[in-house]
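Student: sequence? don't have it. structure:
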C-alpha cells in the first residue's frame with residue numbers, strides 16, 4: 001500500500017477519535033439539564049427587568065408622597081427630610097432615597113445641603129417673582145388652548161371641581177382647599193391637551209405651593225374660589241380674551257397676597273407626608 005494512503009487513513013482515524021468523546025459528552029447531558037441551562041441563560045434579563053420595575057415603583061411612590069405633601073401644604077419650606085427616616089418610612093435603602101431627593105432637587109422642590117441633608121426648598125423673594133412671571137406666561141397659553149379644546153364633559157368636570165372647592169372652603173378644611181385650588185389649575189392645563197406644557201405647569205404649581213407655604217398667612221387659600229368660577233364662566237362662553245385676562249389677574253392677586261411671615265410646623269415627618 002502506498003505511503004500516502006497510510007498517512008490519510010491515520011489522519012481520518014485521529015479525527016474520529018477526537019470527535020467521539022465530544023459526541024459522547026453531549027449525549028451524556030440530560031435534556032432537563034439542557035433546558036435548565038437555557039432558562040438560566042434567559043433569566044438574568046427578566047430578573048433585571050423585574051428589579052428595575054420595583055425600583056421605579058419605589059422611586060415614584062416616594063417622589064409622589066413628597067410632591068403631594070408640598071402641594072397640600074403639609075410640607076412647608078425648610079422641613080427636614082432625613083434619609084434614615086425616609087428609608088424606614090418607605091422600606092427602601094439609602095440609594096433609592098438619595099436618587100429621589102436628587103430628582104426633587106432638580107425639579108426645585110428640595111434643596112440638598114452638603115453635610116446637612118435635604119430640606120424642602122425655600123424660594124427667595126427674587127425666585128418668587130421669576131416663578132410667578134413664568135407661571136403667568138404659561139397659564140395664559142394653557143387657558144387659551146383650553147377655551148378652544150374643552151368639551152361639554154370637561155366643563156361639567158370643572159363645575160364639579162368648583163363645587164368641591166366651595167364645600168371644602170365652607171367646612172374650613174384647609175388641606176383639601178389647598179389641594180383643590182392647585183388641582184383646578186392643573187385641570188385647566190389638562191384641557192389644553194398638551195402634555196409637555198402640562199408637565200411644565202405641574203412643576204411651577206408645586207414651586208408656587210412652596211412659596212404660599214412660606215410666605216402666605218395661615219388660613220388663606222392659595223386661590224380664591226370666585227376667581228376660579230369667573231375663569232370657568234369665560235371658558236364656557238368660549239371667551240378666550242376674557243379667560244386670559246381673568247387668569248392673569250387671578251395669578252397677580254395671588255402673588256400680591258404673599259407676605260414674608262413664615263409658617264412653622266411641629267408635626268412629625270410621617271404626618272407631614274400623610275403616611
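Tutor: Yep, that arrived. Just so it is clear, the structure is predicted and the values come from calculations on it, not from any experiment.
Student: Assumed residue 122 was part of a strand.
Tutor: No. Read with DSSP: H, G, I helix; E, B strand; the rest coil, residue 122 is coil and lies in no strand.
Student: which residues touch the residue nearest to it when sequence neighbours are not counted?
Tutor: Ranked by CB to CB, 6 or more residues apart in numbering and with sequence neighbours excluded, the top spatial neighbour of residue 122 is residue 77, at 4.0 Å. (Glycine included, C-beta is placed from N, CA and C.) Shown in contact with residue 77 (CB atoms under 8 Å, 6 or more residues apart in numbering): 119, 120, 121, 122, 123, 210, 213, 214, 262.
Student: pretty sure residue 75 contacts residue 214?
Tutor: No. Using CB atoms under 8 Å, residue 75 makes no contact with residue 214, being 11.2 Å away.
Student: re the thing from before, list only those of the contacts of residue 77 flagged as buried.
Tutor: Listed as buried from the contacts of residue 77 are 119, 120, 121, 122, 123, 210, 213, 214; burial here means 16 or more other CB atoms under 10 Å.
Student: nearest to residue 154, of these?
Tutor: residue 210 (28.9 Å; CB to CB).
Student: give me the low-pLDDT residue ranges for the chain?
Tutor: Low-confidence segments of the chain, defined by pLDDT under 70: 1-53, 173-175, 216-222, 259-269, 271-272, 274-275.
Student: Mark out where each domain of this protein begins and ends.
Tutor: Using automatic domain parsing, the domain ranges for the chain come out as 53-121+265-272, 125-256.
Student: Backbone dihedrals for residue 75, please?
Tutor: phi -100, psi 110 (degrees, to the nearest 10).
Student: With residue 124 as the reference, measure out to the closest residue in space to it that isn't next to it in sequence.
Tutor: Counting by CB to CB, 6+ apart, residue 75 lies nearest to residue 69, which is 3.7 Å off, once chain neighbours are set aside. Residue 69 sits 21 Å away from residue 124, taking CB to CB, to the nearest Å as the criterion.
Student: Tell me which of those two has more neighbours.
Tutor: residue 69 (24 against 11; other CB atoms under 10 Å).
Student: I'd say the more buried one and residue 270 touch.
Tutor: No. Contact criterion CB under 8 Å: residue 69 and residue 270 do not qualify, at 10.6 Å.
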